[in-house]
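Student: below is the sequence, then the predicted model.
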Amino acid sequence: MIRVMFDSDNPADLPRGAMGATYSDLFVSAAELARLRGEFPAGLLLIDRHGDPLGQAVILDVETGLHKPSDAPGWFDRRMAEGATGLTIYCNRSNLAAVTAAMGDRGWFRWVATLDGTAHIAGFPPGLAPAAVQILGEAKLGFHADMSVVWEPGWHSAEGWRAASRREALDIAAAAAELAVLLGAHQ
């Protein structure tokens, strides 16, 4: 399933009927973030551009003046160790090779910006990858956001989130059963 995602530095500008992405440094309250996420049935992703106060970013913004390609491996390794999934590096076509080289053999998702309407990135199968391509900016959309095509069906999909929630529920149930056994044995 091909999807559309909009990103903006002002979450109020994001259409609620599509995936959304915004910057993690805008949030200092978990309650505020939870409320906003509730408005996005297709999901709201957080991007680390100037920090991640709540530790919820799953995307690192590697652009001039923000993070460098050499920052990506450390961020990725740290977030993986924290249990984050679907980790993604957002970059331009011009620095994709540098990010790829820096990341080495890590398994990571790519979100590549073109902003010129180009939806295909050389070296990737057309219509299938990378995970997302940012194709249009605010000037072309007519509102304060950029638009991306999401090619990879499993990248932060609602189905993937439901599966993760089911796994978490099963893990919690198993842990509760194990705890009940342990508590029963100690009475």
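Tutor: Received it, and whenever you're ready, just let me know what you need.

Student: these two touch, right, S148 and M5?
Tutor: Yes - S148 lies in contact with M5 (Cβ atoms under 8 Å); the separation is 4.6 Å. Every C-beta, even on glycine, is put in place using the N, C-alpha and C of the backbone.

Student: now do the shared contacts for those two.
Tutor: A132 (Cβ atoms under 8 Å, 6 or more residues apart in numbering).

Student: pull the host helix or strand of A139 out as CSV, backbone CA atoms only.
Tutor: Secondary structure assigned from DSSP states H and E places A139 in helix 138-141. The C-alpha trace of helix 138-141 is given here as CSV (Å, rounded to 0.1, in the frame of the first residue of the first chain):
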residue,chain,number,x,y,z
GLU,A,138,5.2,24.2,0.7
ALA,A,139,5.4,26.3,-2.5
LYS,A,140,3.9,23.5,-4.5
LEU,A,141,1.3,22.4,-1.9
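
Student: show me what the helix or strand that it is followed by is packed against.
Tutor: Following helix 138-141 in sequence order, the next helix or strand is strand 146-150 (DSSP H and E). Using 3 or more Cβ pairs under 8 Å, 6 or more residues apart in numbering; DSSP states H and E, the elements in contact with strand 146-150 are strand 3-7, strand 132-136.

Student: just put these in JSON lines and tack on mean neighbour count, mean pLDDT and distance to R37.
Tutor: JSON lines is the format used below for these (neighbours: other Cβ atoms under 10 Å; pLDDT from 0 to 100; distance: least, Cβ to Cβ, whole Å):
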{"stretch": "strand 3-7", "mean neighbour count": "22", "mean pLDDT": "97", "distance to R37": "14"}
{"stretch": "strand 132-136", "mean neighbour count": "22", "mean pLDDT": "98", "distance to R37": "19"}
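
Student: need these in JSON lines (columns: distance to I121).
Tutor: What follows is the helices and strands packed on strand 146-150, written out as JSON lines (distance: least, Cβ to Cβ, whole Å):
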{"stretch": "strand 3-7", "distance to I121": "16"}
{"stretch": "strand 132-136", "distance to I121": "6"}
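
Student: for H144, find the nearest of the ones you listed.
Tutor: strand 3-7 (9.8 Å; Cβ to Cβ).
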